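> My questions concern the predicted model and sequence given below.
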Amino acid sequence: MAIYEFVLMIAPVALVWYLAIRRGKKPSEPTTWPVLGMLPAALLNLRRVHDYATEVLTECGGTYRLVGPWMDILFTCDPANIHHVFSRNFSTYPKGPEFRKIFKIFGDGIFRADFELWEIHRKTTLAQLTHADFNANLQRTVWHKVESGLFPVLNHFCSAGTDLDLQDVFQRLSFDNICKFVLDYDPCSSLRPDLHFLPCEKAFSTAGEALLHRHIFPEWMWKLQKWLNVGNEKSIAEAAVALDDFIYPRVTSGNVLKAFEKVYRESNMASSNGSLRDFLKDTSLNLIFAGRDSTSTCLTWLFWLVSQNPASETKILEEMEAELRLKEDKKFRFFSAQESHRLVYLHGALCESLRLFPTLPLEHRAPVRPDILPSGHHLRGDSKLIISFYSVGRMESVWEKDCLEFKPERWISPSGKIKHEPSYKFPAFSAGPRTCLGKEMAFVQMKMVAAAILYGYKVRLVEGHQVSPRDSITLEARDGLKVLLSKRN
């Protein structure tokens, strides 16, 4: 029998069988195949994992179980579930041992820590952020870097008339600022007109995609790749070396690390957390990761969204002129952290960017005991729960029918003040006790940088440049943000 005759013979049977297993499923809902389960759908949509998860969750009530030969993951973006997990039952839902395996590169820092170790990190970091001199130091550091690093780079590309990857610039700027804060060291070689490649600064982006894929592929596959030194595991290993080489020589400097050194000695942590040097390196790594990615990612999406919405750009500029008193001489001036609170519309624009493109699109939790979510879904004590912060910002049931529109106005109350939303509805900075400690620091820095660029330069997207989220643990733009700059005045 010829092969085409065989295909023609089995094709109707295969079609009937496929339609049978698809019966009752929503259009985006993955097909459950024999043996493979839903793995084919996961792999086919790996390059658009966040949007695919949103489609499935939207059609299936906000919570869905993904099963496969080595997968059993409950995905949710239901605000009631988020509130249950992150706030009401916080102690029941640590990050868990599997999270620690996936994110081993972060060591014993705050991002990977649970229970007592997390409490130590949180308390020590909070003390630094609430210190009397913190805001003054923050604004001094940011404005110095804007003046000495950012403006020369932007002016260089303005004069040359060539396109610039604004995401790359934001990552370098944020990296320099957070290194100055944590290590008391400014890696000035990162942000300069020639955009010199700095391995440690790019290591976070290099490892991000590989770390996301660890959520889908089994541990034996990671170990095989690591043994062969190929693929994702090679990327993670190279990133770890670059970060170690940069951080280890500098862990003795800076007031922030002195505070952690004091806590390490007073808490007698050596018995369970390795050497002081390793602990300070892990602490630095986690703080640098948070500081670099939180601000650079939000600024990237802000400028992309504003480029699509010129009316919002006009409102931001009008607000700056009025609230910072720039209208008279049309000359930009640096402003304080306190003055930044007047920029309500810009604050709303940043919140919209974070709602649609949260820096950390996914969160991972593992219950320590069986539980039932408000949605009615049962979890075993060893279950894997993935919360999609990306999806919750795109749900009509949460943000109404205009949820996909960029509307800074939704964050402004009738009295003209910033409208605050509960963290389980707007979890861009996480929720509950683990809410990001650097939230206010991030807003101040982002307002300063965004205001300086928008007032001084016209930013236009390069024609034909496609912008979409990268499949990574942080929501970077896949191919950057290619723009052309010109002086506004």
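Thanks, I have it.
> Low-confidence regions, the stretch 51-200 of the chain specifically.
For the stretch 51-200 of the chain, the stretches flagged by pLDDT under 70 are 189.
> Would you map the helices across it?
For the stretch 51-200 of the chain, the helices defined by DSSP state H, counting those that start in this stretch occupy 79-83, 96-102, 115-129, 134-145, 151-160, 166-183, 199-213.
> Can you give the distance of the shortest one from its chain's centre?
Read that as helix 79-83. 20 Å (Cα atoms, centre = their mean, to the nearest Å).
> what do you get for stretch 38-56?
19 Å.
> and if you look at stretch 360-378?
For stretch 360-378 - counting by Cα atoms, centre = their mean - the centre lies 20 Å from the chain centre.
> And this structure, what are its domain boundaries?
Partitioning the chain according to automatic domain parsing yields domains covering residues 26-92+361-392, 93-358+393-487.
> want to throw those domains into JSON lines with mean neighbour count?
Any C-beta I mention is one placed from the backbone N, CA and C, and that applies to glycine too. Shown next, in JSON lines, are these (neighbours: other Cβ atoms under 10 Å):
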{"stretch": "domain 26-92+361-392", "mean neighbour count": "18"}
{"stretch": "domain 93-358+393-487", "mean neighbour count": "18"}
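> in which helix or strand would I find the residue lying closest to T206 once chain neighbours are set aside?
Closest residue to T206 apart from its sequence neighbours, by Cβ to Cβ, 6 or more residues apart in numbering: A239 at 4.7 Å. Here A239 sits within helix 231-247, counting by DSSP states H and E.
> what's that helix in contact with?
105, 183, 187, 199-200, 202-204, 206-207, 209-211, 213-214, 222, 225-226, 229, 281, 284-285, 288 (Cβ atoms under 8 Å, 6 or more residues apart in numbering).
> Just the angle for the helix or strand following it relative to helix 166-183, thanks.
Going down the chain from helix 231-247, the next helix or strand is helix 255-266, by DSSP H and E. Between helix 255-266 and helix 166-183, the angle comes out at 50 degrees (axes from the mean of the first three to the mean of the last three Cα atoms, to 10 degrees).
> could I have helix 255-266 exported to CSV, CA atoms only?
Provided in CSV are the C-alpha atoms of helix 255-266 (Å, rounded to 0.1, in the frame of the first residue of the first chain):
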residue,chain,number,x,y,z
ASN,A,255,27.0,51.0,53.9
VAL,A,256,24.2,48.7,52.7
LEU,A,257,26.5,45.7,52.8
LYS,A,258,27.9,46.8,56.1
ALA,A,259,24.4,46.5,57.5
PHE,A,260,24.0,43.0,56.1
GLU,A,261,27.5,42.0,57.5
LYS,A,262,26.4,43.1,61.0
VAL,A,263,23.2,41.1,60.7
TYR,A,264,25.1,38.1,59.5
ARG,A,265,27.4,38.1,62.5
GLU,A,266,24.7,38.9,65.1
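> looking only at pLDDT, what's the mean for that helix?
For helix 255-266, the mean per-residue pLDDT is 87.
> distance between that helix and the chain's centre?
The chain centroid and the centroid of helix 255-266 are separated by 27 Å under Cα atoms, centre = their mean.
> what's the angle between it and helix 134-145?
130 degrees.
> ok, and what's touching helix 255-266?
120, 124, 127-128, 181-184, 251, 269-270, 273, 276, 279-280, 283-284, 287.
> go with 7 Å
For helix 255-266, contacts defined as Cβ atoms under 7 Å, 6 or more residues apart in numbering pick out I120, T124, A127, Q128, F181, V182, V251, L276, F279, L280, T283, S284.
> For E440, see how far away the last one is.
As defined by Cβ to Cβ, to the nearest Å, S284 lies at a distance of 21 Å from E440.
> One more: the fifth one?
The gap separating F181 from E440 is 14 Å, by Cβ to Cβ.
> ok, now which ones touch the residue nearest to the spatial centre of the chain?
Centroid-nearest residue in the chain, with Cα atoms, centre = their mean: T359, separated by 2.1 Å. Neighbouring residues of T359 by Cβ under 7 Å, 6+ apart: D293, S294, T297, C298, A428, T474, L475.
> Name the residues contacting each of F181 and E440.
Contacts common to F181 and E440, judged by Cβ under 7 Å, 6+ apart, are absent.
> nearest residue to N229 other than its sequence neighbours?
Nearest non-adjacent residue to N229, counting by Cβ to Cβ, 6+ apart: A237, 7.1 Å away.
> cool, and V459?
V483 (5.2 Å).
> what separates the nearest residue to L302 once chain neighbours are set aside from L385, distance-wise?
Among residues not flanking L302 along the chain, S353 sits closest, at 4.3 Å (Cβ to Cβ, 6+ apart). S353 sits 26 Å away from L385 when distances are taken as Cβ to Cβ.
> One more: V462?
40 Å.
> got the contact list for P94?
Applying Cβ under 7 Å, 6+ apart to P94 gives the contacts D114, F115, A366, V368.
> 10 Å - rerun?
P94 makes contacts with R100, A113, D114, F115, W118, R365, A366, P367, V368, R434, as judged by Cβ atoms under 10 Å, 6 or more residues apart in numbering.
> Quick check: the first one touching W118?
No: when contacts are counted by Cβ atoms under 10 Å, R100 is not listed as touching W118 (11.8 Å).
> which residues do these two both contact?
Common neighbours of R100 and W118 (Cβ under 10 Å, 6+ apart) are P94, R112.
> OK, contacts around L36?
L36 is in contact with A42, L43, G68, P69, counting by Cβ under 10 Å, 6+ apart.
> whoops, I mixed them up, P358
50, 294, 297-298, 301, 388-393, 426-430, 474-475 are the contacts of P358 under Cβ under 10 Å, 6+ apart.
> go on, D186?
T141, H144, K145, S148, G149, D176, N177, C179, K180.
> returning to what we had before: ok, the residue nearest to N229 to V49 distance?
23 Å.
> rewinding a little: can I assume the residue nearest to L302 sits in a helix?
Yes: S353 forms part of a helix when assessed by DSSP: H, G, I helix; E, B strand; the rest coil.
> quick one: it and L164, what's the gap?
On the measure of Cβ to Cβ, S353 and L164 end up 19 Å apart.
> and what of V344?
Counting by Cβ to Cβ, the separation of V344 from L164 is 29 Å.
> my read: V49 touches Y390, true?
Yes: contact criterion Cβ under 10 Å: V49 and Y390 qualify, at 9.4 Å.
> so what sits against both of those two?
P361, L362, P469.
> Export those residues as CSV, with columns for pLDDT.
Below are the shared contacts of V49 and Y390 laid out as CSV (pLDDT from 0 to 100):
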residue, pLDDT
P361, 95
L362, 94
P469, 94
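> Which of those residues sits closest to C158?
P469 (28.3 Å; Cβ to Cβ).
> Need phi/psi at the closest one.
When read as degrees, to the nearest 10, the backbone of P469 gives phi -70, psi 140.
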